[in-house]
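J.: generate coordinates for the sequence data below:
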Amino acid sequence: MPKIAEIEPTPNPNAMKFVLKEPLTWGITRSYDNAGEAQNDPLAAALFDIEHVTNVFYVDHWITVTQDGQADWAELKRKLAVPIREAPAADDQSAELAAQAAPVLEQMSEVDRGRLDKINEILDEQVRPYLQGDGGDLYVLGLSDKTLTVHYQGACGSCPSSISGTLAGIESLVRQIEPDIEVIAV
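T.: Presented below is the predicted three-dimensional model:
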């Protein structure tokens, strides 16, 4: 049962980040935009059962919960703490699941895999740590010709600055290695 070490606000006023003393997963990202997506995840399902919850995102030692803007955070945090504290901590099965959750790269050419590796490297070094610090993350959905498709997770998913400023910054970074690429968030 993970204990909550801290509760931090994020740049998104509708999202709160819970920092935990024990991990929920070992490197496996869980992101849900609604209760239907979360039905097979007991922790996320329990959080969606709480009124006003619109998004659940967690990995390792933290979980970000986004609300619809209609709830009082003080009251909502108390309700959210219950299922978070009751959740099982990560176990050895998480490592097995992480391997299964990796994106399928088999369909990409060797050249495109190399391109994607370079893009992920720059994202890992210069973008993801900041997004994760704010209770979110960025997942690359695909690379096709000159288009990189990404998906924001957690607090970043509904944050206005993600769709504007952050996306432009990501595109600028990626253009350092691929000058003609366009980055699209879905």
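J.: C-alpha only now, for contacts and for neighbours.
T.: OK.
J.: which residues touch the residue positioned nearest the centre of the chain?
T.: Most central in the chain under C-alpha atoms, centre = their mean is residue 153, positioned 3.4 Å from the mean C-alpha point. Residue 153 sits next to 31, 57, 136-139 when contact means C-alpha atoms under 8 Å, 6 or more residues apart in numbering.
J.: do the same with residue 37
T.: Going by C-alpha under 8 Å, 6+ apart, the list of residues near residue 37 is empty.
J.: did I read that right, the residue nearest to the centre of the chain in a strand?
T.: Yes. Looking at residue 153 with DSSP: H, G, I helix; E, B strand; the rest coil, it is inside a strand.
J.: on the pLDDT front, check it for me.
T.: On the pLDDT scale, residue 153 is placed at 78.
J.: who does it bridge with?
T.: For residue 153, the beta-bridge partners under DSSP bridges are residue 137.
J.: what's the distance between it and residue 84?
T.: For residue 153, the distance to residue 84 equals 19 Å [C-alpha to C-alpha, to the nearest Å].
J.: which of the helices and strands in this protein ranks last by mean pLDDT?
T.: Within the chain, no helix or strand scores below helix 93-101, which has a mean of 47 by mean pLDDT, DSSP states H and E.
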